[in-house]
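Trainee: Only the shape, not the letters, is given here:
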């Protein structure tokens, strides 16, 4: 599947001497010749590539990683998936979690690199959104703090005059997701209580509907004129 998707870090199609075929767990089929039958309790919805039904990229990655012990090979596959725009990091981590592969140290190390890669790409798209859609320049990557008081949290972009903030939601869907979301929610509630509007944007939304996200931010900036002034906060570089 990865060869058909055009992954340069996967072996080229003509070099493959085995094809894995996913089948429902209760089907009575046997491997034969170059075809290896892999039974699965959850059959993914296939994607059509060159007229062939293949596993979606995140599932194909998880199945490939399950057979790999080389940390470099795993890292190259996962990084290419995100860098080339095949899928978002969260989808890959979900599949790796379901396949119970995050107990392997070399896979965890590759996932950490994957998440860093995903955040970097999302930040680039956020910069592009501001530039291409004519939004006023914010201050980038800052921490907010009450004067002489507690730290309020870090933000990816902040417009001080309008008291509007953008935060990239790049959480990995792991077991600690609920705790991380609680942290996001607490920060947002605290800032909005001070009169600061917080816009959460996911990497997928930046990839698939950049213009719509620019419109959301622009609306928040324009709406600031109708709100009461926000509390004074100190803006520090992060």
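Mentor: That came through, no problem. Source: prediction; values computed, not measured.

Trainee: Given the longest strand along the chain, what are its sheet partners and their directions?
Mentor: Ranked by residue count under DSSP state E, the longest strand found in the chain is strand 151-159. Using DSSP bridges, strand 151-159 pairs in its sheet with strand 139-145 (antiparallel), strand 164-168 (antiparallel).

Trainee: any idea of the mean pLDDT for the last one?
Mentor: For strand 164-168, the per-residue pLDDT values average out at 94.

Trainee: Out of the strands paired with strand 151-159, which is the most enclosed?
Mentor: strand 164-168 (a mean of 23; mean count of other CB atoms under 10 Å). The C-beta positions use only the backbone N, C-alpha and C, and glycine is treated the same way.

Trainee: In this protein, mark out all the helices, start to finish.
Mentor: Taking DSSP state H as the test, the helices found in the chain are 2-5, 57-66, 71-83, 89-98, 105-132, 177-193, 203-208, 210-223.

Trainee: rank these by pLDDT, which is bottom?
Mentor: helix 177-193 has the lowest average pLDDT among these, namely a mean of 77.

Trainee: Buried residues in that one, which are they?
Mentor: 187-188, 190-191 (16 or more other CB atoms under 10 Å).

Trainee: Residue 45 contacts residue 56, correct?
Mentor: Yes - taking contacts as CB atoms under 8 Å, residue 45 lies within contact range of residue 56: 7.0 Å.

Trainee: Looking at those two, which one has more neighbours?
Mentor: residue 56 (17 against 8; other CB atoms under 10 Å).

Trainee: list the contacts for the nearest residue to residue 235 once chain neighbours are set aside?
Mentor: Of all residues not flanking residue 235 in the chain, residue 142 sits nearest, at 5.1 Å (CB to CB, 6 or more residues apart in numbering). Contacts for residue 142 were tallied using CB atoms under 8 Å, 6 or more residues apart in numbering; they are 154-155, 158, 235-238.

Trainee: distance of residue 142 from residue 116?
Mentor: Distance from residue 142 to residue 116, counting by CB to CB, to the nearest Å: 20 Å.

Trainee: Format the strands paired with strand 151-159 as CSV; extra columns: distance to residue 205.
Mentor: Output for these, formatted as CSV (distance: least, CB to CB, whole Å):
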stretch, distance to residue 205
strand 139-145, 19
strand 164-168, 10
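
Trainee: re earlier: including distance to residue 27, could the buried residues of helix 177-193 go into JSON lines?
Mentor: Converted to JSON lines, those look like this (distance: CB to CB, whole Å):
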{"residue": "187", "distance to residue 27": "48"}
{"residue": "188", "distance to residue 27": "47"}
{"residue": "190", "distance to residue 27": "53"}
{"residue": "191", "distance to residue 27": "53"}
